[in-house]
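Peer 1: sequence? don't have it. structure:
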């Protein structure tokens, strides 16, 4: 385990069979906390001993506890990506969490999993998918309120880093001061990277919604820069000419080309059900970082969480 000694002061370390625990204080806070890094065993007998040891450790002293690491267990079958699932182990895990009054801190994917499995109204497959996506958007919106202070955090870290740089120009920094400077600079870069990615995604969405208007605007500017006079009603005429051009191309490519009749075999393929593999191949072929669709999610969402949503998606295609 590694920690920043300028932030966390350790006064005790405990090494167990399946865990390593450090106890101490956060700088500027008199509340004692303990961080437990665990690695769970793989057999039932060892798991029983593992949970009992942790429960004794947590009940030994009243303080704030943080458990992290690899428990080698899941709370429900929905969290298991492969077919291997042991209900008895899951029951032991849940019993330990309830008896020690621990609170599970949900990460981004956990929030989506819980939202997808919330009760919904309606039974039609397309409505089911729509309502589940709505639940995810609502839950993520609540969770993203934490990111509303992103701009303030960037300003805070940039100011601190700049201040340290100013001090470094006047004198040599001590080791602990240099650590603080590097930490502020690292946080500044990380927060700006998050902000940049958010702006990129918003820009893609804006282009999807306003692409036609933006194209017309830039086309107007380019004509003006070339000194071309744009008469009143020019754009409707241009659009009409474009439509006529597309129609002529369509006639050449399709109407004047003998494509033959659809065979019985082709008909059966076209009228057949979509297979899960067929849907997945179509999803994989799409760009992950393209602008979101009308549902508010881009293809990266469907690719990353296909294991969770594929059942409902396939039902929707079957219904269609």
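Peer 2: Great, that's in hand. Worth saying up front: this structure is predicted, and the values here are computed from it rather than measured.
Peer 1: after the host helix or strand of residue 138, which helix or strand is next?
Peer 2: Taking DSSP states H and E as the definition, one finds residue 138 inside helix 125-143. As assigned by DSSP H and E, the chain's next helix or strand after helix 125-143 is helix 150-170.
Peer 1: any idea how far residue 277 is from residue 289?
Peer 2: Distance of residue 289 to residue 277, given as Cβ to Cβ, to the nearest Å: 24 Å. Yep, even glycine has a C-beta here, placed from its N, CA and C like the rest.
Peer 1: between those two, who's got more neighbours?
Peer 2: residue 289 (11 against 8; other Cβ atoms under 10 Å).
Peer 1: surely the more buried one touches residue 303?
Peer 2: No: here residue 289 does not reach residue 303: they are 10.9 Å apart, not a contact under Cβ atoms under 8 Å.
Peer 1: in stretch 128-141, what counts as buried?
Peer 2: The neighbour-count check on stretch 128-141 (16 or more other Cβ atoms under 10 Å) flags 128-129, 131-133, 135-136, 139 as buried.
Peer 1: so what pairs up with residue 39 in the strands?
Peer 2: Beta bridges link residue 39 to residue 70 when assigned by DSSP bridges.
Peer 1: isn't residue 99 up against residue 56?
Peer 2: No: the pair residue 99 / residue 56 is not scored as a contact, 11.4 Å apart, by Cβ under 8 Å.
Peer 1: any chance you could map the strands in this protein?
Peer 2: Under the criterion DSSP state E, the chain contains strands at 8-15, 19-26, 32-39, 64-70.
Peer 1: in CSV, list those strands along with distance to residue 180, mean pLDDT and mean neighbour count.
Peer 2: Formatted as CSV, the strands of the chain follow (distance: least, Cβ to Cβ, whole Å; pLDDT from 0 to 100; neighbours: other Cβ atoms under 10 Å):
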stretch, distance to residue 180, mean pLDDT, mean neighbour count
strand 8-15, 14, 87, 11
strand 19-26, 15, 88, 16
strand 32-39, 21, 90, 17
strand 64-70, 23, 88, 14
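Peer 1: looking at those, spot the one closest to residue 172.
Peer 2: strand 8-15 (25.6 Å; Cβ to Cβ).
Peer 1: and the closest one with strand 19-26, angle?
Peer 2: 160 degrees (axes from the mean of the first three to the mean of the last three Cα atoms, to 10 degrees).
Peer 1: so what's residue 95 up against?
Peer 2: Listed by Cβ atoms under 8 Å, 6 or more residues apart in numbering, the contact set of residue 95 reads residue 51.
Peer 1: distance check, the nearest residue to residue 48 once chain neighbours are set aside against residue 98.
Peer 2: Nearest residue to residue 48, sequence neighbours excluded (Cβ to Cβ, 6 or more residues apart in numbering): residue 92, at 7.2 Å. Separation of residue 92 from residue 98 (Cβ to Cβ): 11 Å.
Peer 1: same check, this time on residue 27
Peer 2: Counting by Cβ to Cβ, the gap from residue 27 to residue 98 is 33 Å.
Peer 1: and residue 166, by the same measure?
Peer 2: With distances taken as Cβ to Cβ, residue 166 is found 53 Å from residue 98.
Peer 1: same check on residue 60?
Peer 2: In terms of Cβ to Cβ, residue 60 sits 19 Å off from residue 98.
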